[in-house]
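Undergrad: Predicted model and sequence follow; I will ask about them next.
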Amino acid sequence: MEKKCLQPENWVIEYGDYLLSIAIYKVTDRDMAKDLVQETFLAALKSQHLFRGDSNEKTWLSSILNNKIIDQYRKKKQPESLCEYLESTSDSFNSHFFKHAEDESWHLKKDTVACDWGVHADAALVKREFYAVMEYCLSKLPQKMKPVFFARYFDEKKADEICNDFNISSSNYWVIIHRSKILIRSCIEKNWFLSDKANEQTENYN
Amino acid sequence: MSKLKIIIKDCKAAQEAGLRLQDGEFSLSRWVKLRIHLVYCKYCKRFLLQSKLIDKALSQQKKNVLPLPGHSFSEDETKELREMITKHNKE
């Protein structure tokens, strides 16, 4: 396989906006995202000798950015840990979507149960406008849960690796994934499937 | 009540179990109890189907990460970054 060479002079033009988009997805704050991309380029310049050419520049720079995001997450003095956040928001989250039965089990609340998206729900996946809704729904995820959720679905990391990176327990990891899925599902339903957008003729992805 | 027994009657536990199974964390006991729950709970069944659709959409979204409005560097920022790279690359 042909080894690839680095071309730092092209990084900003070729990958700058892509890296910035990824960083904004994960940290929300644009200024913070911009700083992270800048740090990524500096770190990449310093470690050019470590680039073996097995992956492409984009993948290599993305992995450096991901490490920067994890480092920043660990370094940041959080007013409350992720664990405390999950505990402190547990009652409000659960009581919004579930009701507590007498036998201590949780059941879905009638007004928040999943609506039927119809047999053509898959058709949404080829519509550009659907991804604008997805983007909106992802941006609305609680800030504290985003890095973990994106590590799973954008970086495609395994659960144990994510737990290790973010120093969280497996049960907290699953609480984050479950809550995120509930929030995204509910947001997509409200903003796509229950809106007129789902039935409009829109431009498709090729 | 054990976590697995809870799955049979608890929607919150059933959904989480379903997500774990979808993620490849297989356990026969968890799978059986989830199946029992899904026999009578069409909403959790729907949730898990929709979760798979969301996974597909996220996978597509990842491939199509494009600079959206406000997600791209301005001309000044681009210039500044390029100068920074040129400077540090010479060092």
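TA: Received it, and whenever you're ready, just let me know what you need. Numbers count the residues shown, from 1 in each chain, chains lettered A, B, ... in the order given.
Undergrad: Does anything pack onto the strand or helix carrying residue A:38? Which helices or strands?
TA: Using DSSP states H and E, residue A:38 sits within helix A:30-46. In terms of contacts (3 or more CB pairs under 8 Å, 6 or more residues apart in numbering or on different chains; DSSP states H and E), helix A:30-46 is packed against helix A:17-27, helix A:57-75, helix B:75-90. (Glycine included, C-beta is placed from N, CA and C.)
Undergrad: ok, the most centrally placed residue in chain A - contacts?
TA: In chain A, the centroid-proximal residue (CA atoms, centre = their mean) is residue A:150; its distance is 2.8 Å. Listed by CB atoms under 8 Å, 6 or more residues apart in numbering or on different chains, the contact partners of residue A:150 are A:25, A:26.
Undergrad: pLDDT score assigned to it?
TA: As predicted, residue A:150 sits at a pLDDT of 91.
Undergrad: which residues are contacting the longest helix along chain B?
TA: In chain B, with assignment by DSSP state H, the single longest helix is helix B:42-63. Helix B:42-63 is contacted by residues A:108, A:113-117, A:121-122, A:124-125, A:130-131, A:134-135, A:138, A:153-154, A:181-182, A:184-185, A:188, A:205, B:11, B:14-15, B:18-19, B:22, B:37-38 when judged by CB under 8 Å, 6+ apart.
Undergrad: buried residues in that helix?
TA: B:43-48, B:50-51, B:53-55, B:57-58, B:61 (16 or more other CB atoms under 10 Å in any protein chain shown).
Undergrad: Weed out the non-buried ones from the contacts of helix B:42-63.
TA: A:108, A:113-114, A:117, A:121, A:124-125, A:130-131, A:134-135, A:138, A:153-154, A:181-182, A:184-185, A:188, B:11, B:14-15, B:18-19, B:37-38.
Undergrad: Export the buried residues of helix B:42-63 as JSON lines, with columns for distance to residue B:89 and pLDDT.
TA: Below are the buried residues of helix B:42-63 laid out as JSON lines (distance: CB to CB, whole Å; pLDDT from 0 to 100):
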{"residue": "B:43", "distance to residue B:89": "57", "pLDDT": "94"}
{"residue": "B:44", "distance to residue B:89": "55", "pLDDT": "95"}
{"residue": "B:45", "distance to residue B:89": "56", "pLDDT": "95"}
{"residue": "B:46", "distance to residue B:89": "54", "pLDDT": "95"}
{"residue": "B:47", "distance to residue B:89": "50", "pLDDT": "95"}
{"residue": "B:48", "distance to residue B:89": "50", "pLDDT": "96"}
{"residue": "B:50", "distance to residue B:89": "48", "pLDDT": "95"}
{"residue": "B:51", "distance to residue B:89": "45", "pLDDT": "96"}
{"residue": "B:53", "distance to residue B:89": "45", "pLDDT": "95"}
{"residue": "B:54", "distance to residue B:89": "41", "pLDDT": "95"}
{"residue": "B:55", "distance to residue B:89": "40", "pLDDT": "94"}
{"residue": "B:57", "distance to residue B:89": "39", "pLDDT": "92"}
{"residue": "B:58", "distance to residue B:89": "35", "pLDDT": "92"}
{"residue": "B:61", "distance to residue B:89": "33", "pLDDT": "82"}
